[in-house]
Each structure stands twice: as structure tokens, then as C-alpha cells.
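Participant: With the sequence up front, the predicted model follows.
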Amino acid sequence: MNGLLTEVFLAMDGNHVLSRNGLILSSMRSPVREAEKWLSANEEKIKRAENVIILGLGCGYHIAKLLERYKSKKLLVVEFDPACISFFQQYHPTHVHKIQILDDWRGTNLEYFAEMIRAGVSVVHHRASQSGLETEYAELADFLLARTVAGLQFYIGSKFNRSRISSLPMEDRRLLTVKDVVHSSYWQDLPEELKAKTLVVKELVR
Amino acid sequence: MNILVIDLLRIGDMISHFPIYAGLQDKYPQADIYLLTNDSLKPAVQLTDSFKDIFYFQRSQIQHLVDNRDEHLFSGVGRFDELLASVNSVSYDLVVNLSHTRLAGLVTGLILSKETIGLCCQQGQPVRYGSAWIEYLNDYVAGGGENAFHYNDIFARALGLPEPKRLVEMAGQHLRDLCQSSQMTDRSTDVVIQPFSADEKKEWSIEHWTNFISLLSQLDASIRFTMLCAPFELERAQTWMQAFVGLPVSLRACTLQEAFVVMDQALLTISVDTSIKHLAAMSRSKIVEISLGSSNYQKQGVYQEGALILQGRVSCSPCGHKSECTQATHLCGDVLLPDAVALAVKHYLDGDRIGLKRLSHELGDEYWPGVEMGLSHFLPNGMWHFEPLHHRLKEMNVRHLLERAIWKNYLDGIHLERIGQYGSASKQLMDALEQLDLSVDKKMLTEACEQLETSFHQVEGTMGDIFDCIRKTHWVEGTEAVDVDGLVNRLYMNSTSWDAKMLREVLAPIGAEEDSQFYRRRKADIYLKSVIDRNQVGLKIVRTVRSQIRGNL
């Protein structure tokens, strides 16, 4: 990510925070309290799976809080800004070895996601950390949440039919609905039980 | 024994199903009965204590998950899966699906049970019904067949509950206690009106309501009105109240339980809304049902003895539930004039049946077929019936009763018994005719029987040809498609009848290029066999009725 200008500030509670192109990536008043609020707001999603993908590392206080509360969770954090990764290494050194951080999500890195999808994963945004890079994170989220053709293909490939993982149509940005899934060529790859449940949901949102 | 009831429609439908719940409790007194329903139906669930446990289908949450871009595309499926796991944690002996929709059928197909009654759809399997009555509901009623049975009667027969209780017996102790504690010393309400419905097509205009209240007040100055509305409808109701200025109307925004208390203490409830109509049937109030838009009293009329039903009858009524009104103005509501309704209500309140009949004849002659007026009844066989009050409909009423008796006995499997009890079936029919004062018109009854007998003979004569034709095209490769229209027209003079429609549907693909030829042929065979069986039942019942008429002469 070239052209990103980052600076470190001292928040009112004495913690260090980072700004990117003039946008502060966490609360200037109390980044720790803000992280606690984020954790409460996303608790249900985080609890749901053993594996969690966090979209945005930012100043990392939310990751520290999450690791304190859920020691056994396997965390994969995507952060496109190298400065944030360095900041995390400097200010949260005890947590660095507990998580995996990716600064790019394409190519061979996809295998990390595939492994987590196979085991069951929750994808959680950290909006404050995404400041200035919203489009990039939205594209990744749509992919990981199977909302695009490539994402759906990748999800089905990861979970049920590995041959589907190759040649993902990344350029196709259309957003899919459950109805699209039922009428797609991927339908045949789904297990019968999942098909039956998907038909219920399709009927529900008709 | 564990039983799961699936009820995934609306509040009104659920309230109308209370007699079915009670019937299941009576039939299986040792059973634990569970309910799977929409979370939006909680207000109705609070009115019943029939269930050991209730599973809520969080439809809006699932819809939100599916629509939310921040959630996985399959997150709705995941949430449904959690519910399903919880429902399937109980081992069921019987699952009863009371919602005849594709969604409910798909859900039912995913629940494990020894026996299932009601629509059940499973991936890659033919649809199952669990009863000839549900098959009738699917093929005949949902297919647009006329003169259908009331939904409650269909489900009751399917479940082997021949005499379901009345809704008025369904008010639980907590509702009665509520009424007791709020007993009004000075009756402040005589007539409760419910003018709002979730479906705008079912509503009567504010102008009509205003004129109606004004006219009824002129006929009886002592009547006081209470307009009911749900709390979320309060703003709209207050606007309506401005139109009622000077009229003896008060407004009550209330929950379903509170509405029950108000209605229980009133003389009469007039409703366009399904849920209030059925709730009123649980109370001691008399009921006038205003049936407009998609409201179909034949299938979902107020399940109470002696309720007055008024329907604005135009060519498009009743319309489809989901379709928009296709007319420039709300025709079915427009034809139901306030003066007619006011007079009908006055006669009804006075118990003046002759006055009601006279009014019905008068209206029928002036606006025919604009207003249909009739009373609800329970026949001696326990089934609900709409008795039209206009003399022009007397013949139709007799024919309806005959046709329904044939359907009922056929669906109950009289033809499968070693010795079919056709004498008892005919006696029940004669009792019903007598209850409605129709048996006295022996000439009309004999004519109706003769007409039916002729049509049965006609069907019998051509059915063999149709079987022959199907079998020939069955085995000869490259044969041209069956001349469906020719066959159907030979069988039915009136080719728009439901039987003709069904026959076209099952015969159309035969002989044409189709993947599922064998399945369609088998379906056609089964269907034709059912027509023959029903024909046989009809012939036997009609002949027995005729001999009973002769015996009475």
C-alpha cells in the first residue's frame, strides 16, 4: 500500500494510537474502552466459531481485548497497511505470536482462508481500522462472505469440492442472492441437506 | 408420545386453528404437543396453553441476515439450521403441518418423525400429504376448485378429528379471568368495529363506515360503538375518529387479549380483519364478517354458529392474497352499500331472520350479484357451512351440499370399505338439508340429484376411452401427442371446470417430448382412477338420497 502516510499519537488515556492519511484509526480518548465496546457489539459472531477472521488491525487494541477474553480462538487478521503491522509489533508484542496477520489476500494466501472456512469461521469487520481503505476491505468481505461469484466458488471449493478453488472469477463484482445460488452451477456441489435448508431460506426471502 | 404442530401463517390463521390444537389434545391425551411457529405470532400464542414447548421461527432475523452484506450468504441457512437442530432434538411420533405453503412444506420435510400429516416436501422425493384430505387441499382447493370445505374442517378430517370443538370453547381460563376482572358494570359498548386489516384490499372505506355508523345509529339510537385498533395503528385510527365526530364512537388501541375482553362484553363485533374475526368467535359476541378483497369465507369464514357474513361480490372477488387490486376503485367494497349493511346488522341484532332474508332478496334483485349475504352453520356431520340467504342461491346451496357430501365420503374412504355405509352418508346429508329447511323442497332436490347422476354417467362412459388412449400412446414410440382438448371436451361439456383443468394438466405432457413421461403417466392413471372412484361414490350417494326422497313422498 504505497502513498499511505501514518503518524503515531498519544491518546488521552496514555495509549498510543495511529493515524493514516490524517484519519485516526481508533479513539483518541480511550482506545481500550473503544475496543471493549467493539468486542461486546461483535460478541455473538465471535462466539459462533473457533476461527475468526478480523478485517482490520489498525491500532490493535481490539485484537488484544479479544485475545484476553477468548484465549483459545484462532485469529487471522487482514491488514493492508504495513505501518499498522509494525505498530502492533511494537505496542502489543506479547500478542504478536498468537495471531496470524496477512497483508494481502490473493494468491497463495487464499489457502489460509480456505483452511479456516473448512473448519468454520466468523468474519468480523473492525471499521475504525479500515479508514481510508474501505473499498479494499469491502471487496475482501464480499469474497469471504460468499457474496460474489468468486467468493461463492471459493466457499464451495473450500468446503465441499476443492476443484472449484482454481480460476476464481475475481473481476466479477456482482452481489449474489440465495436465489442466485440455487440457480447456479455450484448448486450441484452442495450436500443434499444443505440444499434442502437453503431452499427453505430462499423461499423465506422470496 | 410427542407431536409437533407446524403453524407458519398469520395470527388470524393461528387463532382459527385453536380447535385443531384442542382436538389433538383430546385425541392424544397422553401426548406432549410442541409448536413451531413464526416469532411474529407470539401475541396469538399467548392466547393458548395447548403446548408443552414452542419453537419460534425467527423469520425477520433470517431475512435480515440474508440481506445484510456484512453477513455470510449462508448465514440465514446457519440460523435456520440452529432452529432445526433444536426442533429435531425431540423425537416425534407425529408432525402436523397446518400451513399449506411451500415454505412450511419444505420445513416439514426436514423434521424427523414417524408420521407426517400435511404438506411435506423433501429434496428429490414426490410431495407427500399424509391424508387424502390434504391432497384434496393441494390439488382441488389450491388449484382453484369451487365450493371447497372450510380449512379447519379439512385439517380436522385429515387428522381424524371428526367433531372439532368450536372457537367459543377455546377461551382459556386466563382469558376468562381477564374478562371477570374487567367486568364493566355499565355497558359502554354494544358494537365493536375492526375496520383495519394488514391487507388493504380487505378494508371497507372510511366513507362507508361513517355512513354505516350514522345509519345504524338512526335505526337504534341506543347503540354505542367502539373502534378497535392495534397500538401501531393508533395514528391512523385517530384520523378516522375525526370523520366519526358527532357519532357515538370511542377508540380503543389494545392488544389481542384486551380486544378479547372488549368483544366478550359487547353484543356484536363487525370485522374486516381475519384475526379479530376469529378472536371474536372465541368470545360471547355475535359476529358480522365483512368479507372483501382476498377474504374467502368458504375457506376461512368465521368458525362460529350463526355468524352473519356479508360479501361484496364482483367478478374479481375473492382475489389472490398476494396480488394487488386490479380495479380502478375498490369494487367489492363499493358494492357493499352502508344502508344495506346497517339494515342487515339491525335485523341480525334483533334476531330477525325473515327480515334478513327479505333484505337479501331485495338487494339481490337490485344489485345482483353485488351483495352476498349468508349465515354460518355447523351441519350434523360437524362441518362448517355457509347458508346463502338469497332465494336464487337455494338451488346452488342444495347442489353444494350434495357435492360436498360426495367429496367428504370419498375423502374419508367410503369406497375403500368392504361395505360402504352409503345409507348413513345419505341420512347425514338429509339431516343437513333438513337443518337448513331445504329437504322440504323435494322437487329441487330430485332435480339436483338427477343432474349429478347424468354427469356421473357421462364421466363413466368416456373414462374407458381416455384410459385406452393413454395406454396406446404409452408404448408406441414416435406417437403424436394426445389430443388433450378433444378428450377433455368429450368428458366435460363445461371444459372450464376444475376436473377439466386437472385433466388437461395431467394429460398434456403425455405423448409429447418430456423427461418424466413415466411419472406423468402414473400421475394421470392415479388421477383418472380417483375420478372414477369419486364418480362411484357420487352415484351411490345420489341414488340412496333419491330412494330416501321417494320413501318420504
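Facilitator: Yes, it's here. Source: prediction; values computed, not measured. Residues are numbered from 1 along each chain as shown, chains lettered A, B, ... in the order given.
Participant: Do you have the helices of chain A handy? List them.
Facilitator: Secondary structure of chain A (DSSP state H): helices at A:31-48, A:61-69, A:82-91, A:110-119, A:134-144, A:149-159, A:178-182, A:192-204.
Participant: sorry, that was for the stretch 101-250 of chain B
Facilitator: B:102-108, B:132-136, B:151-158, B:173-181, B:206-219, B:234-243 (DSSP state H, counting those that start in this stretch).
Participant: And those: which comes nearest chain A?
Facilitator: Closest to chain A of the helices of the stretch 101-250 of chain B is helix B:102-108 (Cβ to the nearest Cβ; 4.3 Å). C-beta coordinates here come from the backbone N, C-alpha and C atoms, glycine included.
Participant: ok, and the helix or strand in chain B with the lowest average confidence?
Facilitator: helix B:484-491 (a mean of 60; mean pLDDT, DSSP states H and E).
Participant: now the helices of chain A as CSV including mean pLDDT?
Facilitator: As requested, these are exported to CSV (pLDDT from 0 to 100):
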stretch, mean pLDDT
helix A:31-48, 94
helix A:61-69, 95
helix A:82-91, 93
helix A:110-119, 92
helix A:134-144, 95
helix A:149-159, 91
helix A:178-182, 92
helix A:192-204, 92
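Participant: okay if I get those as JSON lines plus mean neighbour count?
Facilitator: Listed next are these as JSON lines, based on neighbours: other Cβ atoms under 10 Å in any protein chain shown:
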{"stretch": "helix A:31-48", "mean neighbour count": "16"}
{"stretch": "helix A:61-69", "mean neighbour count": "21"}
{"stretch": "helix A:82-91", "mean neighbour count": "17"}
{"stretch": "helix A:110-119", "mean neighbour count": "17"}
{"stretch": "helix A:134-144", "mean neighbour count": "18"}
{"stretch": "helix A:149-159", "mean neighbour count": "22"}
{"stretch": "helix A:178-182", "mean neighbour count": "18"}
{"stretch": "helix A:192-204", "mean neighbour count": "20"}
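Participant: In CSV, list the ones you listed along with distance to residue B:38.
Facilitator: CSV is the format used below for the helices of chain A (distance: least, Cβ to Cβ, whole Å):
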stretch, distance to residue B:38
helix A:31-48, 22
helix A:61-69, 35
helix A:82-91, 45
helix A:110-119, 31
helix A:134-144, 30
helix A:149-159, 29
helix A:178-182, 19
helix A:192-204, 10
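Participant: closest one to chain B among the ones you listed?
Facilitator: The nearest among these, by Cβ to the nearest Cβ, is helix A:192-204 at 4.3 Å.
Participant: So what's the gap between the closest one and the chain middle?
Facilitator: Centroid separation for helix A:192-204 versus its chain: 26 Å, with Cα atoms, centre = their mean, to the nearest Å.
Participant: packing partners for it?
Facilitator: Applying 3 or more Cβ pairs under 8 Å, 6 or more residues apart in numbering or on different chains; DSSP states H and E, one finds that helix A:192-204 makes contact with helix A:178-182, helix B:59-67, helix B:75-87, helix B:102-108.
Participant: Give me the contacts around that helix.
Facilitator: A:178-179, A:181-182, A:187, A:190, B:59, B:62-63, B:66, B:74, B:76-77, B:80-81, B:84, B:102-103, B:106-107, B:109-110, B:122-124 (Cβ atoms under 8 Å, 6 or more residues apart in numbering or on different chains).
Participant: List buried residues within the residues you listed.
Facilitator: Applying a neighbour-count criterion of 16 or more other Cβ atoms under 10 Å in any protein chain shown, the buried members of those are A:178, A:181-182, A:190, B:59, B:62, B:66, B:74, B:76-77, B:80-81, B:84, B:103, B:106-107, B:109-110, B:122.
Participant: Get me the contact residues on chain A for chain B.
Facilitator: A:123, A:125, A:141-142, A:145-147, A:151-152, A:155, A:175-178, A:181, A:192, A:194-201, A:203-205 (Cβ under 8 Å from any Cβ of the partner chain).
Participant: For residue B:13, pull up the helix or strand it's in.
Facilitator: helix B:11-16 (DSSP states H and E).
Participant: next one: that helix to chain centre, how far?
Facilitator: So, by Cα atoms, centre = their mean, the centroid of helix B:11-16 is 11 Å from its chain's centroid.
Participant: Name the next helix or strand downstream of that helix, please.
Facilitator: Following helix B:11-16 in sequence, per DSSP H and E, is helix B:18-27.
Participant: Show me what the next helix or strand after that next one is packed up against.
Facilitator: Toward the C-terminal end, the helix or strand that comes next after helix B:18-27 (DSSP H and E) is strand B:32-38. Judged by 3+ Cβ pairs under 8 Å, 6+ apart, the packing partners of strand B:32-38 are strand B:2-7, helix B:18-27, strand B:53-57.
Participant: try 10 Å
Facilitator: Identification of packing neighbours for strand B:32-38 by 3 or more Cβ pairs under 10 Å, 6 or more residues apart in numbering or on different chains; DSSP states H and E yields strand B:2-7, helix B:11-16, helix B:18-27, helix B:42-45, strand B:53-57, helix B:75-87, strand B:92-97, helix B:102-108.
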